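Enquirer: The following comprises the amino acid sequence and a computationally predicted model.
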Amino acid sequence: MTVTTANGAIDAQSRDANENIFSDPRSEPRRANNDPRANKQQQTKRDRRDVHGWVVLDKPIGMTSTQAVAVVKRLFNAKRAGHAGTLDPLASGGLPIALGEATKTVPFVMDGRKRYRFTVCWGEERDTDDTEGRVIQTSELRPTAEAISALLPRFTGLIEQIPPQYSAIKVQGERAYDLARDGEKVELAPRPVEIHHLSLVEQVDSNRSVFDAECGKGTYVRALARDIGRILGCFGHICALRRTLVGPFTEADMILLEELEALCNRAASGEGSLADALLPVETALDDIPALAVTRADAARLHRGQAVLLRGRDAPNSSGTVYVTVAGRLLALAELGNGELIPKRVFNLTGLVASSGRNDERV
């Protein structure tokens with residue numbers, strides 16, 4: 001696997017929200033220096049601190065992923081933050097938020113499997129494929145549980161899926177949802193996605209069915225509801241959605257927003273620590289082999305220099321590894337032909353996860 005930066009996933013909120021990119025700072029230097037609001041913004045920016053780790057927010061319904069990142073970033077007063085996979089506003093559940101150096105591991109989480117529990121409402125297809133959209137097709141037909149279950153194998157394994165018109169996919173440089181909102185007809189090409197598991201959990205009544213799905217990167221659950229409804233001839237759209245798994249993060253790792261706020265308030269008054277809300281940066285690297293090195297080799301890797309691994313204990317494998325020294329995460333590196341080449345070096349100075357959070361996951 002090629003290790004890449006996670007800068008694309010870092011939330012735009014990491015820039016000053018009130019920054020005016022069109023102004024010339026030389027035009028009114030005295031006003032800028034004397035503006036108390038500007039001074040307050042500068043002070044806030046200076047006061048932000050280095051925080052490194054993961055917060056797996058149990059995102060509430062109605063909040064966007066960007067808003068969730070901004071809230072968590074503010075609670076920790078962190079310098080950098082980003083999320084590992086957008087969750088629609090109508091959805092609840094796991095939204096992994098990377099703080100500080102954890103942003104370098106975002107791609108590993110985004111490439112992992114996701115699991116969803118979702119409810120499909122039959123009888124209407126909507127242009128957004130969920131309850132927020134406009135009704136575009138209706139039917140009086142309602143599917144039986146037997147008809148639904150018989151169809152699901154067609155949506156399991158490697159399949160071709162056309163993403164929803166209202167999605168973040170770019171079409172000639174524009175987001176599909178922006179074009180759709182402007183009334184333009186968006187033609188998206190089908191793309192391969194992998195559905196590892198899809199089952200009917202409950203037939204609530206003739207109008208609603210509950211499903212459980214585990215899928216790979218790039219899968220749209222809304223498109224699943226749309227396509228199943230079309231084949232059954234009854235049409236359908238998502239009316240409830242919860243994400244229960246993202247890569248290595250499960251429901252056991254999630255924390256409700258009100259619980260996180262309460263923990264932050266206690267920490268501010270000297271009771272407890274914000275570190276208790278964090279999972280270690282390396283939690284995102286559960287599927288990657290770990291390699292311990294000596295302090296001398298660690299010093300070379302930290303400077304960006306390759307290390308030759310010799311002797312009886314030298315690993316004979318190859319590929320991406322995460323490197324530790326004295327039990328502490330040091331770098332992501334490529335191992336091959338007895339050489340260890342650093343690709344991403346971590347600087348974990350600041351607030352990091354408490355060791356107890358790791359113990360809780362075992």
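Expert: All right, it came through fine.
Enquirer: got any ranges where the stretch 1-150 of the chain has weak pLDDT?
Expert: Within the stretch 1-150 of the chain, the stretches with pLDDT under 70 are 1-46.
Enquirer: Show me the strands in it, by range?
Expert: 51-59, 81-83, 92-99, 114-122, 124-126, 135-138 (DSSP state E, counting those that start in this stretch).
Enquirer: and the second one, what does it pack onto?
Expert: Think strand 81-83. For strand 81-83, the contact count by 3 or more C-beta pairs under 8 Å, 6 or more residues apart in numbering; DSSP states H and E identifies helix 65-76, strand 92-99 as packing neighbours. (Each C-beta comes from the backbone N, C-alpha and C, glycine too.)
Enquirer: And the longest one, how far out from the chain middle?
Expert: Pointing back at helix 65-76 there. In terms of C-alpha atoms, centre = their mean, to the nearest Å, the centre of helix 65-76 is found 13 Å from the chain centre.
Enquirer: got the angle between that helix and strand 92-99?
Expert: Orientation check (axes from the mean of the first three to the mean of the last three C-alpha atoms, to 10 degrees): helix 65-76 against strand 92-99 gives 50 degrees.
Enquirer: tell me which residues in helix 65-76 are buried?
Expert: Using 16 or more other C-beta atoms under 10 Å as the test for burial, helix 65-76 gives 65, 68, 69, 70, 71, 72, 73, 75, 76.
Enquirer: now these in JSON lines, with distance to residue 253?
Expert: Compiled in JSON lines, the buried residues of helix 65-76 are given as follows (distance: C-beta to C-beta, whole Å):
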{"residue": "65", "distance to residue 253": "17"}
{"residue": "68", "distance to residue 253": "15"}
{"residue": "69", "distance to residue 253": "17"}
{"residue": "70", "distance to residue 253": "21"}
{"residue": "71", "distance to residue 253": "18"}
{"residue": "72", "distance to residue 253": "14"}
{"residue": "73", "distance to residue 253": "19"}
{"residue": "75", "distance to residue 253": "17"}
{"residue": "76", "distance to residue 253": "17"}
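Enquirer: Out of those, flag the one nearest to residue 328.
Expert: Closest approach to residue 328 among these (C-beta to C-beta): residue 76, at 20.7 Å.
Enquirer: What's the local residue count around the residue lying closest to that closest one once chain neighbours are set aside?
Expert: Excluding its sequence neighbours, the residue lying closest to residue 76 (C-beta to C-beta, 6 or more residues apart in numbering) is residue 51, at 4.8 Å. Neighbour count for residue 51, taken as other C-beta atoms under 10 Å: 26.
Enquirer: What distance do you get for residue 51 to residue 354?
Expert: Distance from residue 51 to residue 354, counting by C-beta to C-beta, to the nearest Å: 13 Å.
Enquirer: nearest to residue 284, of the helices and strands packed on strand 81-83?
Expert: Counting by C-beta to C-beta, residue 284 lies closest to strand 92-99 out of these; the figure is 7.6 Å.
Enquirer: any idea whether residue 275 is helix, strand or coil?
Expert: Secondary structure assignment for residue 275 (DSSP: H, G, I helix; E, B strand; the rest coil): helix.
Enquirer: what about the spatially closest residue to it that is not a sequence neighbour, how many neighbours?
Expert: Closest residue to residue 275 apart from its sequence neighbours, by C-beta to C-beta, 6+ apart: residue 354 at 4.2 Å. A count of nearby residues for residue 354, using other C-beta under 10 Å, gives 19.
Enquirer: from memory residue 354 sits against residue 276, does it?
Expert: Yes: between residue 354 and residue 276 there is a contact at 5.5 Å, judged by C-beta atoms under 8 Å.
Enquirer: If you count residues, where's the longest strand of the protein?
Expert: For the chain, the strand with the greatest residue count under DSSP state E is strand 191-205.
Enquirer: Name the residues that touch that strand?
Expert: Strand 191-205 is contacted by residues 113, 117, 119, 144-145, 148-149, 152, 155-163, 209-220, 224 when judged by C-beta atoms under 8 Å, 6 or more residues apart in numbering.
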